[in-house]
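S.K.: Model the structure of this input:
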Amino acid sequence: MTSVPQASSILASLGQATFLWDLATDSIAWSDNAGAVLTDIPLEALASGAAFARLIEPSRSVRNDALAQAAAPRGGEGVAYQIEYGVRASNSAPILWIEETGCWFAGPDGKPVRAHGVVRVNNERHARDEQLMRLSRHDPLTGELNRTHLVASLAGAIEEAMRLRSSAAFMLIGIDHLARVNDAFGFDVADAVIAEVGKRIRARLRGGDVLGRFSGNKFGLILRNCTVDDTNIAAERFLVGIRDEVIPTKSGPVSVTASIGAVTIPRHARDADEAVNRAQETLDAAKRRRAGSFSLWKPNVERDAQRRVNIRVTDEIVTALNERRIVAAFEPVVEARSREPAFYECLVRMEQQDGRALLAPDIVPVAERLGLIRLVDHRVLELAVAELAASPNVRLSLNISPDTTMDPDWWAGIESLMQAHPGVGERLIVEITETVAIQDIDDVRGFVTRLKNFGSRIAIDDFGAGYTSFRNLRKLGVDIVKIDGAFVQNIARSADDRAFVHTLIDLANRLHIKTVAEWVQDEEAAVMLREWGCSYIQGRLIGLASPERPWAVAADTALPAAG
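M.R.: Below you'll find the model as predicted:
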């Protein structure tokens, strides 16, 4: 018959030991297996609460605190508690991580006089917790701080520099052309490059500097107690360290460079967001100038003034859109021979609070730069379709920006409007710039085909300013070419412009593509264009854009038919 094992051996096999702690005398009695569980801890250190506390990390008072924090028991009942701590006999010894589960009992005064419980060694759980904590703080690929904790460290470094009135720096180090490595070798090789660059930066840090992975190909670096001269020297040290030796990978050696943007803190950045934005700005400037270079942020009065203008104009455009103050003006385009209206170009205007209106040249470039042009184009589309729906005999042209041509929201909008107003698409001409037409001929051809399915016509605006060939125009199925006004306005005085415009018109006619001459200033130019076979003319001679609707005026003043 198998004998029942002793309780102490069962506990030992589970890595547990029991204790009885007399708080009045501070003596602790342990189960026989305590030495086997609490390895390397001298028996004399287990004899009393005070002796045992001297080995506890991180807080020696953790056991006493657990007893003191609980409410006093009622009717002699014990009060349960559970704590975790580390113990080790010396600084060189490994830490044993202990889970202690116990119960304490109070004396007549309600204070603890006795406790008993079980201790269990759980190094594995603590190691897992440590690993999870590390993963929450560090980038798994490089082992450096992740973005969240890098930015938190940056905020702390800025506060410290302001308090101590010292100077520091924040750098963004971006690996140049990493996308090429991805394309040529795959993401695993690119990851190896990122990890190696991180190691090379790490090897050149001073004590106290902080390194983190900011994003896919960027590292952030906080340099404490660092002057402007120190920053320049450090930047060169990092650049040389990255570029001087090729990086060995499983696909062979890879040569990379990095660019650096930096800002002095707190002098030129007084919070983390400002430091990150300015470092990113200077990194972009360094990459534009030359891959593998360094740029340090400096104040720029013109740039700051432009940004203030951008902020103001952005607010004005968004407010105008919300308040329906983005309106349309209509510029006539007439038959070159008869001077009868052929269609009207729909141009954007923004009514201001003081009653004045901003014209398209004032709105469109800013809206494009600030990423608002698609909203503006969508509003003008709505206005144009509303006019077409209300006036069955009118034809309008609509100029859209390059960003809008591939915008799915714009397509969803135009499809919805066309379905709501059948037949409107046949009286709509959509103008795209020549630069859009040559960017990706296949994408633009799809754009043109979808519009033609609505019955709309396509015009290339500002033709002659770019490099679109007439062969591409045929491939795209373009209906109308609008000749850039810069060539038209001086044809009466410039032989070169006359030759250029005449040739464009002749080629377009041979391909059965209609032509519009923009910026026609005088009668002499209009006569030349008519004789050369230009289809339509537009400009100051014919009439500039107006918010008035000429077709409505003509209808109102028309005489009744005879009989």
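
S.K.: Excluding chain neighbours, what is closest to Cys103?
M.R.: Excluding the flanking residues, the one nearest Cys103 by C-beta to C-beta, 6 or more residues apart in numbering is Gly78, at 3.8 Å. Glycine gets a C-beta too; all of them are placed from N, C-alpha and C.

S.K.: Please apply the same query to Asn393.
M.R.: The shortest distance from Asn393 to any non-neighbouring residue, by C-beta to C-beta, 6+ apart, is to Trp551 (6.9 Å).

S.K.: what mean pLDDT does the helix or strand encompassing the one you found have?
M.R.: Secondary structure from DSSP states H and E places Trp551 in helix 550-557. Averaged across helix 550-557, pLDDT comes to 59.

S.K.: try stretch 460-477
M.R.: 72.

S.K.: try stretch 518-530
M.R.: In this model, stretch 518-530 has an average pLDDT of 95.

S.K.: What residues of that stretch count as buried?
M.R.: Using 16 or more other C-beta atoms under 10 Å as the test for burial, stretch 518-530 gives Glu518, Trp519, Val520, Gln521, Ala525, Ala526, Met528, Leu529, Arg530.

S.K.: got a list of contacts for it?
M.R.: 336-337, 462, 482-486, 488-489, 491-492, 498, 501, 505, 517, 537-542 (C-beta atoms under 8 Å, 6 or more residues apart in numbering).

S.K.: OK, contacts around Gly107?
M.R.: Listed by C-beta under 8 Å, 6+ apart, the contact set of Gly107 reads Ala24, Val113.

S.K.: so what pLDDT did it get?
M.R.: 85.

S.K.: again, but for Pro140
M.R.: 86.

S.K.: okay, now it: neighbour count?
M.R.: Neighbour count of Pro140, defined by other C-beta atoms under 10 Å: 9.

S.K.: Remind me which helix or strand it belongs to.
M.R.: Going by DSSP H and E, Pro140 is not in any helix or strand.

S.K.: Next up, phi/psi of it, please.
M.R.: Backbone torsions for Pro140, taken as degrees, to the nearest 10, come to phi -70, psi -30.

S.K.: just the one 10 residues further on next, same as before
M.R.: Comment: the main-chain dihedrals of Leu150 come out as phi -60, psi -50, following degrees, to the nearest 10.

S.K.: Pairing partners for the nearest residue to it once chain neighbours are set aside in the sheet, please.
M.R.: Counting by C-beta to C-beta, 6+ apart, Leu150 lies nearest to Gly212, which is 3.0 Å off, once chain neighbours are set aside. Beta-bridge partners recorded for Gly212 (DSSP bridges): Leu145, Gly220.

S.K.: Only the buried residues of stretch 531-551, if you could.
M.R.: For stretch 531-551, burial by neighbour count (16+ other C-beta under 10 Å) applies to 532, 534-539, 541-543, 545, 549, 551.

S.K.: In strands, which of those appear?
M.R.: Counted as lying in strands by DSSP state E, out of these, are Tyr536, Ile537.

S.K.: Flag the shaky bits of the chain, pLDDT-wise.
M.R.: Where the chain drops to pLDDT under 70, the residues are 1-8, 12, 70-76, 126-127, 129-136, 434-441, 465-470, 552-563.

S.K.: Need the single longest helix in this protein, by residues.
M.R.: helix 301-322 (DSSP state H).

S.K.: Contact partners for Trp297?
M.R.: Gly261, Ala262, Val263, Thr264, His268, Ala269, Arg278, Ala279, Glu281, Thr282.

S.K.: Take those and keep only those in strands.
M.R.: Of those, the ones assigned to strands by DSSP E are Gly261, Ala262, Val263, Thr264.

S.K.: if I read this right, the second one contacts Leu172, doesn't it?
M.R.: Spelled out, that is Ala262. Yes - between Ala262 and Leu172 there is a contact under C-beta atoms under 8 Å: 7.5 Å.
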